[in-house]
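turn this into a model:
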Amino acid sequence: MLGKKKPVRSLRATHADPEPMMDINTTPLIDVMLVLLVMLIITIPIQLHAVNLELPVGQPPKSDIKPEKIQIDIDERSTVYWQGLPVTAAELDQKMSELSAQGLQPEIHLRPNKDCQYSVFANVLSTTKRKGLNKVAVIGSEQFVQ
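Purely as a prediction, here's the structure:
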């Protein structure tokens with residue numbers, strides 16, 4: 001019996017305690033994150049890619065009178081032409097005042113050259129707005145597309 005040793009029993013083996021877990025339980029964390037994600041999705045407002053317009057209701061009044069068409073051109077040297085004749089800023093302002101005094105508002109066709117100064121173009125547009133002329137069309141805008 002001298003050569004044989006008794007087996008040593010550890011204290012752990014005698015107690016039936018389970019091993020402590022060293023990993024964190026991530027299941028509740030994932031559940032909370034999913035709940036927060038669902039709440040976020042529900043509370044975000046829907047983005048509409050639409051422009052709200054207030055359109056008139058009913059039939060437009062029929063008119064046999066066609067409005068006058070005024071052609072305003074701006075050339076590459078930023079000279080403003082009224083119906084083909086060059087005008088100054090003061091003359092342009094006076095002519096637009098006369099147009100705004102008319103009962104039937106004319107259509108203004110504005111045709112700028114792509115090489116003209118933007119300030120001249122913006123001045124013509126602001127003059128039409130200031131005088132209350134609403135029927136303005138920019139003609140030839142396809143030349144600005146690159």
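
which positions within the helix or strand where D93 lies qualify as buried?
Using DSSP states H and E, the secondary-structure element containing D93 is helix 89-101. Using 16 or more other Cβ atoms under 10 Å as the burial criterion, the residues of helix 89-101 that qualify are 92, 95-96, 99. Every C-beta, even on glycine, is put in place using the N, C-alpha and C of the backbone.

can you measure across stretch 77-97, start residue to end residue?
The separation between the terminal residues of stretch 77-97, taken as Cα to Cα, to the nearest Å, is 25 Å.

quick revisit: now the helix holding D93, how far from the chain's geometric center?
Averaging C-alpha coordinates over helix 89-101 and over its chain gives two centres that are 34 Å apart (Cα atoms, centre = their mean, to the nearest Å).

residues in contact with it?
Contact partners of helix 89-101, identified using Cβ atoms under 8 Å, 6 or more residues apart in numbering, comprise 70, 72, 80, 82, 87, 105-106, 108, 123-124, 127-128, 131-133.

pull out the buried residues from those residues.
Applying 16+ other Cβ under 10 Å to those flags 70, 72, 80, 87, 108, 123-124, 127-128, 131, 133 as buried.

who does the top helix by length along the chain touch, helix- and strand-wise?
When every helix of the chain is counted residue by residue (DSSP state H), the longest turns out to be helix 27-43. Packing contacts for helix 27-43, counted by 3 or more Cβ pairs under 8 Å, 6 or more residues apart in numbering; DSSP states H and E, involve no helix or strand.
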